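> need a 3D model of the following:
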Amino acid sequence: MKTQKLSHVLFTFFLLLTMVGTTFAMAFPQRAGTLSYIVQATDVERASELVDQVGGLVTARLEIIDGVAATLSAGALAQLRTMPEVVRLTPNAQVEAAGNKIPATDYPNVIGADVVWAEGVTGEGITVAVIDTGLANHPGIEDSIIAWVDFVENKRNPKDRSGHGTHVAGIIANTQVSKDGEWNGVAPGVNLAGVRVLGDAGQGNYVDVIEGLQWVLENKDTYNIRIANLSLVATPMSPYWADPLNEAVTQLWANGIVVVVAAGNGGSGPMSVGVPGNNPYVITVGAFTDNYTPDDWSDDYITPFSAAGPTLDGFVKPDLVAPGAHIISTMKENTYLAETYPENVLPKKYF
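This next block holds a predicted model:
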């Protein structure tokens, strides 16, 4: 697993496209630190006034640089970007002791998430249900978790002995700022609902997954769950419409939830896409690699492990591809994946 074949977690290209059109109209409380910025103007007084004008909160006066520290909503940040009196807007990036930096991730830039961030869109107010092995209290995602349910062991608090679900959630929502000065997650403003349906080794069954989907449907309005991610796959046993797991997935779609699923890592042969990726009502995501050159598109290619269509029912799949090789994301050290593949463990609880 040296290439960290977690292609199925990278549904986030579509995630960001979905959020561009939906999040501006919503007014939800921001999480502390999600949008902490330094605002510089001609002097500290004017910087403070500009922050007040857009409804931000000044948290520190920085006379030494003619600026202020401020907590801003996504909309306030977008307004400040249009004001000619604003000399500079800088994220309140994390500073650490030399040699102890958070690893940087490239995939947000590869898919253009940084361009969307510049418009003030971070996914604020949207909840993504991560239907997987669970969620750990990792610094990059722990403040984003607003709901939790466990259909494997009925644990009351979030846990993820596998590491897979935490890795998925980090790609989606990691709020940590890395050494490149940018967020490590694609949509750092989203909330997370952890739905544990797979065990420590990443295995489960239809009943647990369907129960998880049923919980998402029953709680979608309570937590504003707009997107469900299933980074899991099963072997097709019937036409898609006669498969119980696919029936449950279709019910989420019918009730307004965008369902994004893995194509699978079973190779590029025809009809290799599994359940629920073979469902025409979901967004099925395959994997490509930037070949370790994120700024150069010319050498990108679809990975040989990424599953392909057509499906057994004749549908063209996957619906899109996204970065899915050498993916760096959140994971604690004492997990099944970290212990099985120690060569992939990185500092600061990354993998």
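
> make it CA atoms for all contacts and neighbour counts henceforth
OK.

> for the residue lying closest to residue 275 once chain neighbours are set aside, what are its contacts?
Of all residues not flanking residue 275 in the chain, residue 234 sits nearest, at 4.9 Å (Cα to Cα, 6 or more residues apart in numbering). Counting by Cα atoms under 8 Å, 6 or more residues apart in numbering, residue 234 touches 274, 275, 276.

> after the one helix or strand in the chain whose mean pLDDT sits lowest, which helix or strand is next?
Within the chain, no helix or strand scores below helix 12-20, which has a mean of 41 by mean pLDDT, DSSP states H and E. Sequence-wise, the next helix or strand downstream of helix 12-20 (DSSP states H and E) is strand 36-40.

> paired strands for that following strand, with orientation please.
Paired with strand 36-40 in the same sheet, following DSSP bridges, are strand 67-71 (antiparallel), strand 88-91 (antiparallel).

> show me the shaky parts of the stretch 101-250 of the chain.
Across the stretch 101-250 of the chain, the ranges flagged by pLDDT under 70 are 101-102, 104.

> all helices for it, in order.
Under the criterion DSSP state H, counting those that start in this stretch, the stretch 101-250 of the chain contains helices at 107-110, 113-118, 164-173, 206-223, 244-254.

> show me how far the third one is from its chain's centre.
When you say that, I think you mean helix 164-173. Chain-centre distance of helix 164-173: 6 Å, with Cα atoms, centre = their mean, to the nearest Å.

> which other helices and strands contact that helix?
Packing contacts for helix 164-173, counted by 3 or more Cα pairs under 8 Å, 6 or more residues apart in numbering; DSSP states H and E, involve strand 127-132, strand 191-196.

> wait, which of the ones you listed is closest to residue 120?
Ranking those by proximity to residue 120 (Cα to Cα) places strand 191-196 first, at 16.4 Å.

> what's the angle from the closest one to helix 164-173?
Angle between the axes of strand 191-196 and helix 164-173 is 160 degrees (criterion: axes from the mean of the first three to the mean of the last three Cα atoms, to 10 degrees).

> quick one: strands adjacent to strand 191-196?
So strand 191-196, judged by DSSP bridges, has these partners: strand 127-132 (parallel), strand 145-150 (parallel).

> what's the most buried one of the ones you listed?
Of all those, strand 127-132 carries the top mean neighbour count, a mean of 28, counting by mean count of other Cα atoms under 10 Å.

> if we can go back for a sec, which among the helices of the stretch 101-250 of the chain is found nearest to residue 83?
Ranking the helices of the stretch 101-250 of the chain by proximity to residue 83 (Cα to Cα) places helix 113-118 first, at 14.1 Å.
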